[in-house]
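Engineer: Need coordinates for the below:
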Amino acid sequence: MTETRTRATTPEDLARLFVERANAGDAEGLAELYEPDAVLAYPPGATTVGREAIRAVCERMLAHAPRPFRVEEALPTVRHGDLALTSTRPADNTGGRVQVARRQPDGTWLRIIDRPEIRSEVPSGARPEDHPEIRPEATSETGAE
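Structural biologist: The predicted structure is shown next:
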C-alpha cells in the first residue's frame with residue numbers, strides 16, 4: 001500500500017519537504033516531489049531524467065550524505081502563472097540551489113527542473129566519476145552527444 005505523504009501547497013514547501021524526507025531516509029518520498037519526467041542536474045556533470053532515476057540517485061545520495069539536512073535560507077520566489085523559480089543559499093558552500101516548480105491541476109506543486117549545486121568555479125576536468133558515491137551511469141543521461 002502506498003504511503004500518503006504531505007504535498008507541497010506552495011513552491012516554497014518543496015525545500016522543507018525535501019529536508020524532512022531526506023532526514024527520514026525516504027528516497028521514494030524525495031522522488032515524489034518531482035514530476036514523472038522531471039530533470040535533476042545531479043550528480044554534478046550529469047542529468048538525471050525521470051522520477052524513477054531521481055529516486056535511485058536519491059537512494060545513493062542518502063546512503064552517503066551526512067545528516068541531518070537543514071532547511072536553508074530561501075531566496076525570493078519568482079512566479080509566472082503555474083511556474084515558480086525557487087532558490088536557496090546553501091549551507092554547504094556549493095554556490096547555490098535553484099529549482100523550477102509547476103502547479104499541478106490539484107493546486108499542489110512539484111519540481112520539474114532541479115539544479116542542487118551551482119558552483120561559482122567549476123574545477124577543470126570535473127567529471128561525475130569524481131563523485132564515487134553516486135554512480136550516474138546506472139540511472140542518468142549525460143548531456144554529452
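
Engineer: Contact partners for the most centrally placed residue in the chain?
Structural biologist: For the chain, D114 is the residue whose C-alpha lies nearest the centre (C-alpha atoms, centre = their mean; 4.9 Å). Residues near D114 by C-beta atoms under 8 Å, 6 or more residues apart in numbering: Y34, A38, V39, L40, A41, Y42, V98, Q99, V100. Every C-beta, even on glycine, is put in place using the N, C-alpha and C of the backbone.

Engineer: can you pick the most crowded of these?
Structural biologist: Y34 (26 neighbours; other C-beta atoms under 10 Å).

Engineer: ok so, going back, reformat the contacts of D114 as JSON lines; add distance to R60.
Structural biologist: Shown next, in JSON lines, are the contacts of D114 (distance: C-beta to C-beta, whole Å):
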{"residue": "Y34", "distance to R60": "16"}
{"residue": "A38", "distance to R60": "17"}
{"residue": "V39", "distance to R60": "18"}
{"residue": "L40", "distance to R60": "12"}
{"residue": "A41", "distance to R60": "16"}
{"residue": "Y42", "distance to R60": "10"}
{"residue": "V98", "distance to R60": "22"}
{"residue": "Q99", "distance to R60": "20"}
{"residue": "V100", "distance to R60": "23"}
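
Engineer: Just name the lowest-scoring one in the residues you listed, pLDDT-wise.
Structural biologist: For these, the weakest pLDDT value sits at Y42, with 91.
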